[in-house]
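**Q** Output the structure for:
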Amino acid sequence: MAKPRTPTKKARVSGATLKDPARFKGRKEPANPSPIGAPYKGMTPAQVKVWKECAENMPWLSASHRLLLRQVSILAARMETDPEVGVSAMHALSAMLSKLGATPTDESKVDHPDGDVDPDDKFFH
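**A** From the prediction side, this is the model:
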């Protein structure tokens, strides 16, 4: 089975577009995808907290991820409030986080900037 395609936004954050620019050259993706937006109105405070945390920690998320992020928020909030969350719910949460690019494995692929940021770097990347 083929490995799923890495979204261009995520590839930029991880540095993959710099490592292998030819792989991403012919991609056609929305130029300005809609932002992830605010949490759904019917969500509980715990779910809203998870939503905001995910939106802050995963800047590549867009409006097309809203439904999946809602499911992640529901399961992650349930994990905090329900001591008897089942193994299947935990596996589902792990799979959804992986699809959003938020697992520890995916995090290790993201290029994190050093503490000292050179303002001229934007001209060289």
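
**Q** use CA for all of it now, contacts and neighbours both
**A** Will do.

**Q** Counting by contacts, list what the longest helix along the chain packs against.
**A** Counting residues, the longest helix in the chain under DSSP state H turns out to be helix 66-81. The contact analysis (3 or more C-alpha pairs under 8 Å, 6 or more residues apart in numbering; DSSP states H and E) places helix 66-81 against helix 45-57, helix 87-100.

**Q** In the chain, where is pLDDT below threshold?
**A** Counting by pLDDT under 70, the chain has low-confidence residues at 1, 29-32, 106-125.

**Q** quick one on the thing from earlier: just the helices and strands packed on helix 66-81: most buried one?
**A** helix 45-57 (a mean of 17; mean count of other C-alpha atoms under 10 Å).

**Q** Would you mind telling me which of the helices and strands packed on helix 66-81 is nearest residue 19?
**A** helix 87-100 (21.7 Å; C-alpha to C-alpha).

**Q** Show me what that closest one packs onto, helices and strands only.
**A** If contacts are counted by 3+ C-alpha pairs under 8 Å, 6+ apart, helix 87-100 sits against helix 66-81.

**Q** Buried residues in the helix it packs on, which are they?
**A** 66, 69, 70, 71, 72, 73, 74, 75, 76, 77, 78, 79 (16 or more other C-alpha atoms under 10 Å).

**Q** Enumerate every residue touching the first one.
**A** Pointing back at residue 66 there. Residues near residue 66 by C-alpha atoms under 8 Å, 6 or more residues apart in numbering: residue 36.

**Q** Return the distance of it relative to residue 37.
**A** Applying C-alpha to C-alpha, to the nearest Å, the value for residue 66 to residue 37 is 8 Å.

**Q** Also the fourth one?
**A** Residue 71 sits 15 Å away from residue 37 when distances are taken as C-alpha to C-alpha.
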